[in-house]
Structure formats: structure tokens, C-alpha cells
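**Q** Mind looking at a prediction? Sequence and model below.
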Amino acid sequence: MRAARMHDYNQPLVLEDVPIPDIKPDEVLLKVTAAGMCRTDVQLLDGYFRKYAQPAFPLTPGHEIVGEVEKIGGLVSKTVGLLEGDQAVVVGGWGDGTCRQCQQGNTHICAHGQWPGFGPYGGYGEYLPVPAKYLIKVDKRYHLKAEELAPLTDAGLTPYRGIKKLRDAGALGPNRTLAVLGIGGLGAYAVQYAKLLGAGATVVAFARNPEKLAVAKDFGADHVISTKGKSIEDVRKELSKATGQGEVDAVIDCSGAEEMIQMGFGLLSVAGHYSSVGLVGDKINLPLFPFVAREYTYHGSFWGNYNDLSEIISLAQGGKIRHVTKTIRFEEINETLDALRKGDIVGRAVVKY
Ligand SMILES: [Zn+2]
């Protein structure tokens, strides 16, 4: 099979022919039909995670995966409901199944977990073994495209979990304003979830790139504000003109760039909630007194679990999610990673096999 593999940091992926992997009895061999390309893949290559984990090389990136069931292991229960030829998406976080996080369904934050696309196998290869319990079948009757399903497993999932945290904290409602920071791969979905889960909240999208702001407007943002070359005070004035108040009650931050975090907290109202899902930057540096005195709540939110993804797939099957994707060929993976590094991709780039 073809695979684009990482042999070291700071080098292009090596496009090579490697054997199709074997499966264990509880696994399914998935023939990948499409894999989304995430900025995280660039960060993996550039060594962003180096201080947190030491992966073994060669490593196959690609953690947004959809495919077809090629082979089913002998111990996979019939009740899983998978047959050869079925279409399925991959749940990204595979836990040990025994710890408290796993027992609560949050296998993606298991301390002994594994993540496809951060080890030997990932979506940048044509086949991978997946434990059967981490596949969610997508009924082919809905005619959803592989290039639209793949990004739903991270770009289309991560902001969903982040917004659910805001919702569950009571931060959203008709008299609240929800800011979406950054309209890249995640933000284009975040705007839609802000409308779906926002309980009537006014949704304001913030980004620098006018093309990305146009996507946000098209996907339902009530207002869009360009942050390019603007101070927090400039942005506040525009926000005030648009919504009648120069503050927001909740933030879903799909960027994570340091200046974006400063701006987000700079605009946050008393008792505001901030949910972080973007990882562009590396640090949070905030004045403590306002954080305490204004009673801010900060939510870290990572990827999503099986239940989050199954909710997303239901929304997609119901035609309630729109996509901006750009399909690329396997041979174009390295140049697309370069474009992602520069922030030049609007929507999601997806490798289609
Ligand atoms: Zn666990």
C-alpha cells in the first residue's frame, strides 16, 4: 500500500510502498477512502509535541479518517453491526478501557491511550487496523462524500465538544453573545454548531482572512469582524456597533494564537466562559486579577469522544452540516502541509484515495 510516513522531525514525509498491516482478532482492517489534513499534522512534523511525547519512527500521520471495512477480526462481535464493504469513520482516541476516563466514555483523554495518525498507522496510508469499537458506521444511503466525512472526525468534532462545554455551563442563550475565534478548518464548523447549540445566542466570528470571514457569514454567523491590524479597542468598537455591547459572554477559540487569546479575554464579559480548542500558539499569558475578580471560567477541550462523534454523524446524515473541503491527491501531501503551515488553506484539505 502507499503511505506518506514521517521518519524524523522537520523533514518532508516519505511517500513509499509498505506492506498492508495485519489485524488483531478484535480489530477491523479499514481501507481508507479519505483522510483530512490538520494543522496538527504540521505541528507533529515541526516538533510541537516533542516535549510531551516521544513517538517511534516511522510514523504515519493522518487522524481524520473514513474508509471501508476490508476485513473483520475473528473476535469482533456481530452486535457491532459491521460488514465487509461498510463505510465507517474512525473515533480518534483509543483508551485502555479500564481507567476512570475510559469508563466515563472519554477514551480520548485516557492516560494510556493511543491515537491513529500519531503512531505506526494513520490516514496518510491506504489501510489501517482499527479496534472495532472505535468505528462508527455511516449508512451509505445518505450518500455522504468521503472527503466530507473525514474532517468530521476532528475539525468537525473538536469545536462541537468545546461548544457543548459552554452550553452545559449555561453560558449560551438568547441574550448572550458567543464569539468564534479563528475560521480555519475548525472554525467553519464551530460557526454552525454555535447556531445549532447556541440556544439563540448571537454568533460573532473573528478572523483576519476575508475569505474565511465570508465562509463564516455564509455558514450562519450573525456578524463577522476582521481582526487584521486592529487593536482590542478597535475590535471592541466594531463589536459594539454590531451587537450593541462591546463584550462577549462566551468564546470558542479555534485558533489558540497568543494574540487571539489576549483579544478573546480582552472582550470577555464578567462571568464569561472561554473554551479553548485551537493549538496555534503554545502559551496562555493572562493578567490574574481580572480573571479572578471578573469570575471567568476557562474550559480546555480536546478532540471528542465516541458519543460526540456519533452526534456529529447524526447531524451530517440529517443534512445539518455544511463543509468547505479541497480534495488533494496522495502525491500532493507534502506541498499541502506547507500551505497549511502558512495558513493558506480555506476550509479543510482532504487526501482522497
Ligand atoms: Zn483509559
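**A** Perfect, I can see it now.

**Q** In stretch 140-150, which residues are buried?
**A** 144, 146, 147, 148, 149, 150 (16 or more other C-beta atoms under 10 Å). Just so you know, the C-beta spots here come from the backbone N, C-alpha and C atoms, and that holds for glycine as well.

**Q** Can you give me the pLDDT of the first one?
**A** What it means is residue 144. Residue 144 is assigned a predicted lDDT (pLDDT) of 96.

**Q** and residue 267, how many neighbours?
**A** Residues lying near residue 267 (other C-beta atoms under 10 Å) number 23.

**Q** Please give me every residue in contact with it.
**A** 179, 232, 235, 236, 239, 246, 247, 248, 251 (C-beta atoms under 8 Å, 6 or more residues apart in numbering).

**Q** sorry, back to before: let's see which of the buried residues of stretch 140-150 end up in helices.
**A** Among the buried residues of stretch 140-150, the ones falling in helices (DSSP state H) are 146, 147, 148, 149.

**Q** And what about residue 289, helix, strand or coil?
**A** helix (DSSP: H, G, I helix; E, B strand; the rest coil).

**Q** ok, the residue nearest to residue 90 when sequence neighbours are not counted - contacts?
**A** Take residue 90 and drop its neighbours on the chain: the residue closest to it by C-beta to C-beta, 6 or more residues apart in numbering is residue 65, 4.2 Å away. Contacts for residue 65 (C-beta under 8 Å, 6+ apart) come out as 30, 32, 34-36, 89-90, 116-117, 122-123, 128, 150, 153.

**Q** So which of the residues you listed is surrounded by the most neighbours?
**A** residue 35 (37 neighbours).

**Q** check which helix or strand covers that residue.
**A** strand 27-37 (DSSP states H and E).

**Q** Show me which of the buried residues of stretch 140-150 is closest to the ion.
**A** Using C-beta to the ion, residue 150 is the member of those that sits closest to the ion, with 25.4 Å.

**Q** pLDDT at the closest one, what is it?
**A** 98.

**Q** Tell me who's in contact with it.
**A** 34, 35, 36, 64, 65, 66, 89, 123, 350.

**Q** before we move on, back to that, partners of the strand holding residue 35, with directions?
**A** strand 64-72 (antiparallel), strand 127-131 (antiparallel), strand 348-352 (antiparallel) (DSSP bridges).

**Q** Could you look up the next helix or strand downstream of the longest one?
**A** Translated: strand 64-72. According to DSSP H and E, the helix or strand after strand 64-72 is strand 87-90.

**Q** So for the next helix or strand after that following strand, mean pLDDT?
**A** Using DSSP H and E, the next helix or strand after strand 87-90 towards the C-terminus is helix 100-103. The average pLDDT for helix 100-103 rounds to 97.

**Q** buried residues in helix 100-103?
**A** 101, 102.

**Q** again with stretch 333-351
**A** Buried, per 16+ other C-beta under 10 Å, within stretch 333-351: 333, 336-337, 339-340, 343, 345-351.

**Q** follow-up on the earlier one: looking at the contacts of residue 267, state which has the most neighbours.
**A** residue 251 leads the contacts of residue 267 on contacts (other C-beta under 10 Å) with 31 neighbours.

**Q** Up against the ion, what does the stretch 51-200 of the chain have?
**A** Within the stretch 51-200 of the chain, the positions adjacent to the ion are 95, 96, 99, 102, 110 by C-beta under 5 Å from the ion.

**Q** Could you dump the ones in helices among the buried residues of stretch 140-150 into TSV with distance to residue 159 added?
**A** Formatted as TSV, those follow (distance: C-beta to C-beta, whole Å):
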residue	distance to residue 159
146	21
147	19
148	16
149	17
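
**Q** which other residues reach the helix or strand following the strand holding residue 35?
**A** As assigned by DSSP H and E, the chain's next helix or strand after strand 27-37 is helix 39-46. With contact meaning C-beta under 8 Å, 6+ apart, helix 39-46 is reached by 6, 9-11, 13, 49, 59, 61-63, 117-118, 154, 184-185, 279-280, 337, 340-341.

**Q** picking up where we left off before, of the contacts of residue 267, which is the nearest to the ion?
**A** Using C-beta to the ion, these come closest to the ion at residue 251, 29.7 Å.

**Q** and that closest one, what does it touch?
**A** 178, 179, 181, 264, 267, 268, 272, 273, 274, 275.
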